[in-house]
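[1] build the 3D model from these lines:
(4 chains)
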2 protein chains.
Amino acid sequence: MQTQTLSEENYLKVIYHLDKDGLKKITPTAISEALNNNPASVVDMIKKLVDKKLVQYEKSKGVKLTDKGRNIAILIVRKHRLWEVFLLEKLGYEWDEIHDIAEQLEHIQNSELADRLERFLGFPQYDPHGDPIPKANGEQAISYKTLLAEIAPGKSCKVVAVKDTSSSFLQYLKKLDIGIGTKITVLDKIPFDNSMSIAFGKTESTTVSKIFAENLLVHE
Amino acid sequence: MQTQTLSEENYLKVIYHLDKDGLKKITPTAISEALNNNPASVVDMIKKLVDKKLVQYEKSKGVKLTDKGRNIAILIVRKHRLWEVFLLEKLGYEWDEIHDIAEQLEHIQNSELADRLERFLGFPQYDPHGDPIPKANGEQAISYKTLLAEIAPGKSCKVVAVKDTSSSFLQYLKKLDIGIGTKITVLDKIPFDNSMSIAFGKTESTTVSKIFAENLLVHE
DNA sequence: CTTAAAAATTAGGCAAGACTAATAAATTAT
DNA sequence: ATAATTTATTAGTCTTGCCTAATTTTTAAG
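    From the prediction side, this is the model:
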């Protein structure tokens, strides 16, 4: 099993992410926009990836990952998300700092690394942005990410991520003592200004604004 | 503060390691042997590193790291050794598996990473090979290590590190069941070939070669 | 001191992966 | 359907970091 270059891995990952829905045609231009590079470079790389049987390419159907290519991409995503959990939970980084580091860590090559890391972290299901972490066999939990604003009164949810990563928002959350994993119960929604009253931790009731509720991602 | 390429970092690290004693002249050939590449490549890179003011080079005095270059090298070594501790203690890797992974991890770029990792690991002083972990300010614990080869017959010592970290050597140690902390008693030295017979653990007597004894670092 | 051997350097190339500019093909709009 | 526009592709360069072969410089030996 030959190994990929860093660049090849990044292409596979981007193609995988662009394929989210599975319907849209993945074109060289789309890839070049995602990678912030030149379409001509993409065409070159597609040829290389086709040679290596990591993708298929037909002008009419666009780029498709082969099983082999998809497996590699999933492993990279798996590593990325596991490392994000590590950076946040173990090293104490903030939500907005971990992505760039995980972007580097995801390329560390060692056949056992992802599995060992996963075990060490206690088999987390979601990363700190609320995205599901693929399992060793490639399976993925479904992403239930919703905005707090969409939770119905009476229901509870668990904070998985923030949409706005500005430090003013993060500091506000810290002050409230809301973090990843905090369980929030929605008590009431006020139609007038779309604010909501919520309960969490030791706080029995607090009112948060519409903007607040639209920037907190939760799992039901 | 501009960042280094992977290759540049590897050169700085190798030059730093070659400078251990501080006396020997560091030549392009020595570097090429350490990196397992061609002297011509080394000459190219030296020019580049001189331009970046990371090393100085005079034919008569050889290659010297500048303060800037040395600081970068020390940080790489620091990261390498911290990651080794992580891999061994947290992820449960074996002694001989960690080097190659740390070799990749040492290049992860983030200004806070080493410090956070160090705190997470509880400020370890030595890595799993017994080598001191440089502190954030560049200071290093002193290495009190001696070679097994220098231990007099009749005396005992404790393994603290290996000099050769090749996996062939580490695997040999594993097979013998020698690891960090193993107590070894030197029974005899054979002047003919500088081999020595030693006792350790349940092994009452085994003969090891000169090369072996010169690659095992111990504490009397 | 002169010669042989070793080390350093230069010159010229190569592969990866990016770029620009030019051209061809496919879409979209008229 | 044809023109206009957008997309894809090709050709030719560039940089990084490596290589080989040839040459020069240094060191070591006789």
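[2] spatially nearest residue to A:P28, not counting backbone neighbours?
    Of all residues not flanking A:P28 in the chain, A:V42 sits nearest, at 4.4 Å (C-beta to C-beta, 6 or more residues apart in numbering or on different chains). All C-beta spots, glycine's among them, are computed from the backbone N, C-alpha and C.
[3] separation between the one you found and chain B?
    Relative to chain B, A:V42 is positioned 23 Å away (criterion: C-beta to the nearest C-beta, to the nearest Å).
[4] same question for A:A152.
    A:A152 is 39 Å from chain B, by C-beta to the nearest C-beta.
[5] you'd agree that residue is up against A:V186?
    Yes - A:A152 is within contact range of A:V186, at 6.8 Å (criterion: C-beta atoms under 8 Å).
[6] circling back: just say helix, strand or coil for the residue nearest to A:P28.
    Judged by DSSP: H, G, I helix; E, B strand; the rest coil, the three-state class of A:V42 is helix.
[7] again with A:L12
    helix.
[8] residues contacting it?
    Contact partners of A:L12, counting by C-beta atoms under 8 Å, 6 or more residues apart in numbering or on different chains, are A:4, A:49, A:54-55, A:65, A:69, A:72-73, A:76.
[9] what's the per-residue pLDDT of A:G179 here?
    A:G179 carries a pLDDT value of 87.
[10] next: A:T203.
    93.
[11] and it, bridged to which residues?
    Per DSSP bridges, the residues bridged to A:T203 are A:F200.
[12] quick one: contacts for A:T185?
    Contacts of A:T185 (C-beta under 8 Å, 6+ apart): A:154-156, A:198-200.
[13] pretty sure it sits in a helix.
    No - counting by three-state DSSP, A:T185 is not part of a helix but strand.
[14] could you tell me the end-to-end distance of stretch A:32-47?
    End-to-end distance for stretch A:32-47: 14 Å, by C-alpha to C-alpha, to the nearest Å.
[15] distance from it to the middle of the chain?
    23 Å (C-alpha atoms, centre = their mean, to the nearest Å).
[16] next: stretch A:100-118.
    15 Å.
[17] kindly report the same for stretch A:206-220.
    19 Å.
[18] and that stretch, which residues are buried?
    If you call a residue buried by 16 or more other C-beta atoms under 10 Å in any protein chain shown, then stretch A:206-220 has these buried ones: A:208, A:212-213, A:215-219.
[19] what residues of the top helix by length along chain A count as buried?
    Secondary structure of chain A per DSSP state H: the longest helix is helix A:67-85. Across helix A:67-85, burial judged by 16+ other C-beta under 10 Å covers A:69-85.
[20] among those residues, which are within reach of DNA strand C?
    Filtering those for proximity to DNA strand C by C-beta under 7 Å from any atom of the strand leaves nothing.
[21] in chain A, which residue is most central in space?
    Nearest to the geometric centre of chain A sits A:D131, at 3.9 Å (C-alpha atoms, centre = their mean).
[22] list the contacts for it?
    Counting by C-beta under 8 Å, 6+ apart, A:D131 makes contact with A:81, A:143, A:145.
[23] where exactly do the helices run in chain A?
    Using DSSP H, helices in chain A cover A:6-18, A:28-35, A:39-51, A:67-85, A:98-105, A:113-120, A:167-176, A:210-213.
[24] and A:Q109, what's its pLDDT?
    pLDDT recorded at A:Q109 is 97.
[25] what distance do you get for it to B:I101?
    Per C-beta to C-beta, to the nearest Å, A:Q109 is found 8 Å from B:I101.
[26] neighbour-wise, which of the two wins?
    Legend: neighbour count by other C-beta atoms under 10 Å in any protein chain shown for A:Q109 and B:I101, higher for B:I101 (20 against 12).
[27] for DNA strand C, see how far away that one is.
    From B:I101 across to DNA strand C, the span is 21 Å (C-beta to the nearest atom of the strand, to the nearest Å).
[28] returning to what we had before: which one of A:A152 and A:V186 has more residues nearby?
    Set side by side, A:A152 and A:V186 show more neighbours around A:V186, with 23 against 9, by other C-beta under 10 Å.
[29] contact partners for that one?
    Going by C-beta under 8 Å, 6+ apart, the list of residues near A:V186 reads A:148, A:151-157, A:196-198.
[30] these, buried ones only, as a ChimeraX selection?
    Selection command for ChimeraX covering only the buried members of the contacts of A:V186, criterion 16+ other C-beta under 10 Å:
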select /A:148,151,157,196,197,198
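[31] let me have the contacts of A:V186 in CSV, extended by pLDDT.
    Converted to CSV, those look like this (pLDDT from 0 to 100):
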residue, pLDDT
A:L148, 95
A:I151, 95
A:A152, 94
A:P153, 95
A:G154, 95
A:K155, 94
A:S156, 95
A:C157, 93
A:M196, 96
A:S197, 96
A:I198, 96
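[32] how is chain A partitioned into domains?
    As given by automatic domain parsing, the domain ranges for chain A are A:6-65, A:146-219.
[33] compare those and report which one is nearest to DNA strand D.
    Within the domains of chain A, the stretch nearest DNA strand D is domain A:6-65; the backing value is 2.9 Å (C-beta to the nearest atom of the strand).
[34] from chain B, how far out is A:G69?
    22 Å.
[35] excluding its backbone neighbours, what's nearest that residue?
    Nearest non-adjacent residue to A:G69 (C-beta to C-beta, 6+ apart): A:L54, at 3.6 Å.
[36] try A:N110
    Nearest non-adjacent residue to A:N110, counting by C-beta to C-beta, 6+ apart: B:I101, 5.0 Å away.
[37] need the contact list for that neighbour.
    A:108, A:110, A:113, B:83, B:87, B:93.
[38] export those as TSV, with columns for distance to A:G138.
    Shown next, in TSV, are these (distance: C-beta to C-beta, whole Å):
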residue	distance to A:G138
A:I108	19
A:N110	18
A:L113	16
B:W83	27
B:L87	25
B:Y93	24
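[39] farthest-separated two in these?
    Greatest spatial distance in those: A:I108 and B:Y93, 12.6 Å, computed using C-beta to C-beta.
[40] in chain A, what spans have low per-residue confidence?
    A:1 (pLDDT under 70).
[41] near chain B, which residues of it?
    For chain A, the residues in contact with chain B (C-beta under 8 Å from any C-beta of the partner chain) are A:90-93, A:97, A:100-101, A:104-105, A:107-110, A:112-113, A:116-117, A:120.
[42] if we use 10 Å, what do you get?
    Taking C-beta under 10 Å from any C-beta of the partner chain as the criterion, chain A approaches chain B at residues A:6, A:83, A:86-87, A:90-93, A:97-98, A:100-105, A:107-110, A:112-113, A:115-117, A:119-121.
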